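*Asks:* structure for this input, please:
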Amino acid sequence: MHQKPLRSARLRLATVAVASFATLAAGLAGAASAQAAQGCEVDYFVEHQWPGGFTATVTVRNLGEPVDGWDVEWVWPEGQSVSHGWNAAFTTTGEQVNAGNLSYNRTIATGGSVSFGFNGTWAGVNREPFAFQLNGHTCDGTVGEPTTDPTPSSPAGDL
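*Replies:* Next comes the predicted model:
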């Protein structure tokens, strides 16, 4: 009967432990770089309108993974602007509007929604805005596939 030396068994055990750790670390690194599935739909509703002005409400429904911190963007077709808003922090650059979360409405659960409103001005025709996005993802009522970071990770042996 031949017994293997104890040193060889310890070395194999250490090798298995290191390989297991490397595999786990590589898996966690891959999981950390994955992007959650995103999806949303928007209801834009003009509550009141008068010559040169209007009041509107925007409701964004989250169809994807829960959101912690949001930014809703849209583009005006012509001549509109936000003059005063509530339940969001507004910034505008030309025809583009950004409405960001406040501390009390930072999260949107899956299937949940957030609403905010504003008074605006218009000239000519008060058309509905277009190209609504939630955190950079187009709100078209569909849920996109999760994406992964295209940056290659280190092979397990390099850890």
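*Asks:* please count neighbours and contacts with C-alpha atoms only from this point.
*Replies:* Noted.
*Asks:* OK, contacts around the closest residue to Phe118 other than its chain neighbours?
*Replies:* Spatial nearest neighbour of Phe118, excluding adjacent residues (C-alpha to C-alpha, 6 or more residues apart in numbering): Gly85 at 3.9 Å. Applying C-alpha atoms under 8 Å, 6 or more residues apart in numbering to Gly85 gives the contacts Phe116, Gly117, Phe118, Asn119.
*Asks:* in CSV: those residues, plus secondary structure and neighbour count.
*Replies:* Shown next, in CSV, are the contacts of Gly85 (DSSP: H, G, I helix; E, B strand; the rest coil; neighbours: other C-alpha atoms under 10 Å):
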residue, secondary structure, neighbour count
Phe116, strand, 18
Gly117, strand, 21
Phe118, strand, 20
Asn119, strand, 19
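*Asks:* now do the contacts for Thr57.
*Replies:* Going by C-alpha under 8 Å, 6+ apart, the list of residues near Thr57 reads Asp43, Tyr44, Phe45, Val46, Glu47, Ser115, Phe116, Gly117, Phe118.
*Asks:* remind me which helix or strand the first one belongs to.
*Replies:* Translated: Asp43. strand 40-50 (DSSP states H and E).
*Asks:* after that strand, which helix or strand is next?
*Replies:* Defined by DSSP H and E, the subsequent element after strand 40-50 is strand 53-62.
*Asks:* relative to strand 40-50, how tilted is that following strand?
*Replies:* Here the directions of strand 53-62 and strand 40-50 differ by 170 degrees (axes from the mean of the first three to the mean of the last three C-alpha atoms, to 10 degrees).
*Asks:* which strands border strand 53-62, and is each parallel or antiparallel?
*Replies:* In the sheet, strand 53-62 lines up against strand 40-50 (antiparallel), strand 113-121 (antiparallel) (DSSP bridges).
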